[in-house]
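Participant: generate coordinates for the sequence data below:
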Amino acid sequence: MPDSPNAWNDDPEWLKALPLGNGALGAMVFGDVVLERIQLNEKSLWSGSPENNDNPEARESLPRIRELLFAGKYHEASELTLKTQICKGYGSGYGNGTNVPFGSYQTLGDLWIATEPRSEYSNYRRELNIMTGIAQVYYKQNNIRFNREAFASYPDKVLVYKISADKKNAVNISLWFNRPERYTVTIENRQIIVHGSLSDGKGGEGMKYFVVIRPLLKGGSLEKAGNKIQIRNANEVVLLISAATNYRLHYPDYRRNDFEKEVWSNIEKASQLSYHQLRRNHLTDFRNLSERCILHLGNQKEVDTVPTDIRLKRYQQGQEDLYLESLYFQFGRYLLISSSRPGSLPANLQGIWASKIQTPWNGDYHTNINVQMNYWPANLTNLPECNQPLMELISSLTEPGSRTAAVQYGARGWCVHPITNVWGFTSPGENPLWGLHLGAGGWLCRHIWEHFLFTLDTAFLRQYYPVLKNAAVFYCDWLVKDPKTGRLVSGPAGSPENSFTGPDGKNYQISMGPSHDQEVIYDLFTNFIEASRVLGISDTMNVRMEKILSDLLLPRIGSDGRLMEWAEEFPEPEPGHRHMSHLYALHPGNQYTFTSTPEYMEAARKSLDFRLEHGGGHTGWSAAWIISFRARLLEGNKAHEMLSTLLKRSTCPNLFDLCPPFQIDGNFGATAGIAEMLMQSHEGFIRLLPALPEAWPDGKVYGLCARGGFVADLEWKNHQLSKAVIHSQKGGKIKIRYKENQWDLSLASGSSRTISL
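Facilitator: Residues are numbered from 1 along each chain as shown. Predicted coordinates:
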């Protein structure tokens, strides 16, 4: 969708706060001494409600629109498309869906902690350890050292916030909760209790939510003061926070009645544990994920004594900082661990962290690249379980997507367009210029296939095989024959959010057979056929898809040597457009490689160079995608240059990515891009250090994953690989390549092989 309005710009102080999360609960810790703000989120807190947005008038117009497009009558075709190929109702509210049925992801609210006395303080330090998931604030006041420590526990399902001092009876605080609207707060039994319900977008009440904040004291006293809690002369205070909504995925009626019981259960169970037990449970769980993959660049003995915001500022002024670059890689993994765990919804446009009632673009799931980019690092950097929420979302879309396919297009199978939400929205957007992207279902299915390739989990593949199959069935019905070429093409379709100039000199978005759609369909059919082979399934559908593949129109190389974005060589009114969707076959797809299609790799390179020459990569997520493009093109220095651009131009003081505004996909895309620079396995073999830049002469990386169930630990010095240890999780054969060197390995399950040069 178009760049965001200024009204969506985030509070500058919020972009300095430290993020915590356990997949379901999120928090932004500001760290102020006098008045601390803990901004809270619960992943499923959405306004809106389920609604049928499918448009029965769309199907009747399809033949005429296609006829006009094939005839080159783009103006008439666009006019008819604008009238018919849209959803019913308000759609997403053009990205402002809080008060329409589409809804918006929202802030849960703020916990405020006022401290007394309000005197001068010194020796202040605020930090977030991204390997432990613990945020801390230290300071000295009146010769007393105060310490605050916070974490979001996945095993115990609570947010924990501890305040202590090195002197007895020194903790004096007041606590209260608020949010911008639609809540009631009471103080009952020495705890803060919050009830609320959001708008259903139809004039009634929708999703309900419930919050409990329980203080546990050592020493001191607690009393109620209106809607506040006052704590006096305590030695230590531990706050336990739990929240839930009455939403659950996959249910025809999303409401459930046990959500308050769940919150009370979490609070009661956590209250029975000591702070040290809660902390130990959290650390065991978090480190199991965070320490699986670690990157070191440059001097391994460097101690991190420079604040990150200062590091970033110096970097933006031109100072090299390998530590910051490796930190950014780890931070992307940290954000994924914190915002996507089994049992929760997927990471949305802001992961889990949002401070507003109207979140930018509703904080939804954009399926024309953004939610997919969120999950690029999962398998590469050893976090496969973080994929589960995405897989469950994809599965949940098949039922509403089947209705959309039938009503909108008269097709079988299932489909989804460029946006979806927690309510199962699969219809087109309210404007086809951006809302008619039908490559989304196939793109989402790539994540199913990739998860199998990395894990070799055939039970998982069998479970999701129907999702792949029915996505492919939709495209079987959707494709039509181009009368000029005799090839099968998708359409009416756009190349996400981009425009071309038609023969009449006017700009259009809709055509037949744009390269992105053709590449996605080729990718899906190829993967489905291979999945069928793995599972030993053979039926008429496989035969039909093989025939379609042979008849599918594939992208062509233009007269200037660039990969064409559309089936015809149209002029481009915005040559530096942020989307580069026609390069899908380069990344995340693997249709184009140096071993199989060198001419298309060169055409993709020229397309990318052209985009950048005209200002492309100007949004955070777009710059992040280019890192992976350059890595696949084996251009390490240019990949590093784009990483540097991302850090300099699109990164907040707390390392959140800016689209702008804050949009988390750039963080995830950059982490995946760095992984691609260091190891690739999409060509059927493992390529070590394929795009190592000159800026990284020495380094180590542990725990990078390759397709086939392999994990690698790499070390390099003076730009040369010095050691590689290949671990096999499932056993098997694999080719390893590094520059001109090649090794053929056969490893048993659980075994390793060391390669030295």
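
Participant: how about the closest residue in space to Pro653 that isn't next to it in sequence, phi and psi?
Facilitator: The shortest distance from Pro653 to any residue other than its chain neighbours is 4.0 Å, reached at Asp309 (Cβ to Cβ, 6 or more residues apart in numbering). Just so you know, the C-beta spots here come from the backbone N, C-alpha and C atoms, and that holds for glycine as well. Backbone torsions of Asp309, given as degrees, to the nearest 10, read phi -70, psi -30.

Participant: quick check: buried residues in the lengthiest strand in the chain?
Facilitator: Identified as the longest strand of the chain according to DSSP state E is strand 205-218. By 16 or more other Cβ atoms under 10 Å, the buried positions in strand 205-218 come out as Gly206, Met207, Lys208, Tyr209, Phe210, Val211, Val212, Ile213, Arg214, Pro215, Leu216, Leu217.

Participant: what's the helix or strand that comes right after it packed up against?
Facilitator: Where DSSP states H and E defines the elements, the next helix or strand beyond strand 205-218 is strand 221-225. Other elements packing on strand 221-225 under the criterion 3 or more Cβ pairs under 8 Å, 6 or more residues apart in numbering; DSSP states H and E are strand 228-234.

Participant: what helix or strand is Leu393 on?
Facilitator: helix 388-396.

Participant: elements contacting that helix?
Facilitator: Against helix 388-396 (3+ Cβ pairs under 8 Å, 6+ apart) you get helix 440-455, helix 458-478.

Participant: and the ones you listed: which comes nearest Glu260?
Facilitator: Set against Glu260 and scored by Cβ to Cβ, the helices and strands packed on helix 388-396 come closest in helix 458-478, at 32.1 Å.

Participant: ok, residues contacting the closest one?
Facilitator: Applying Cβ atoms under 8 Å, 6 or more residues apart in numbering, the contact partners of helix 458-478 are 391, 394-395, 398, 402, 405, 409-415, 438, 441-442, 444-445, 448-449, 451-452, 490, 521, 524-525, 527-528, 531-532, 534-535, 537, 541, 544-545, 548.

Participant: same question for stretch 322-329.
Facilitator: Counting by Cβ under 8 Å, 6+ apart, 130, 295-299, 302, 304, 308, 311-312, 315, 643, 647, 651, 655, 667, 670-671, 674-675, 695-696, 699 sit against stretch 322-329.

Participant: equivalent analysis for stretch 592-604, please.
Facilitator: 555, 557-558, 561-563, 583, 585-586, 591, 629, 633-634, 682-683.

Participant: derive a PyMOL selection command for the buried subset of these.
Facilitator: Buried residues within the contacts of stretch 592-604, by 16+ other Cβ under 10 Å, are selected in PyMOL with:
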select buried, resi 555+557+558+562+563+583+585+586+591+629+633+634+682+683
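
Participant: buried subset of the contacts of helix 458-478?
Facilitator: Here, 16+ other Cβ under 10 Å leaves 391, 394-395, 398, 402, 405, 409, 411, 413-415, 438, 441-442, 444-445, 448-449, 451-452, 490, 521, 524-525, 527-528, 531-532, 541, 545, 548 buried among the contacts of helix 458-478.

Participant: count the residues that sit near the residue nearest to Pro653.
Facilitator: Counted with other Cβ atoms under 10 Å, the neighbours of Asp309 add up to 13.

Participant: that older thread, most packed of the helices and strands packed on helix 388-396?
Facilitator: By mean neighbour count, with neighbours taken as mean count of other Cβ atoms under 10 Å, helix 440-455 ranks first of these at a mean of 24.

Participant: which stretches in the stretch 651-757 of the chain count as strands?
Facilitator: Counting by DSSP state E, counting those that start in this stretch, the stretch 651-757 of the chain has strands at residues 679-680, 686-688, 699-706, 710-717, 720-728, 732-738, 741-747, 752-756.

Participant: which of these sits closest to Ala378?
Facilitator: Closest among the strands of the stretch 651-757 of the chain, using Cβ to Cβ: strand 699-706, at 9.4 Å.

Participant: taking strand 732-738 as reference, get the angle to the closest one.
Facilitator: Note on geometry: by axes from the mean of the first three to the mean of the last three Cα atoms, to 10 degrees, strand 699-706 and strand 732-738 are set 140 degrees apart in direction.

Participant: ok, strand 699-706: who's next to it in the sheet?
Facilitator: Here strand 699-706 is paired, per DSSP bridges, with strand 294-297 (antiparallel), strand 710-717 (antiparallel).

Participant: and the contacts of it?
Facilitator: With contact meaning Cβ under 8 Å, 6+ apart, strand 699-706 is reached by 292-298, 300, 326, 379-382, 384, 454, 675, 678-679, 681, 686, 711-716, 734.

Participant: which among those end up buried?
Facilitator: For the contacts of strand 699-706, buried by 16+ other Cβ under 10 Å: 292-298, 326, 379-382, 384, 454, 675, 678-679, 681, 686, 711-716, 734.

Participant: so is the closest residue to Lys140 other than its chain neighbours in a helix, a strand, or just coil?
Facilitator: For Lys140, ignoring the flanking residues on the chain, the nearest one in space by Cβ to Cβ, 6+ apart is Asn123 at 4.4 Å. Classification of Asn123 by DSSP: H, G, I helix; E, B strand; the rest coil places it in strand.
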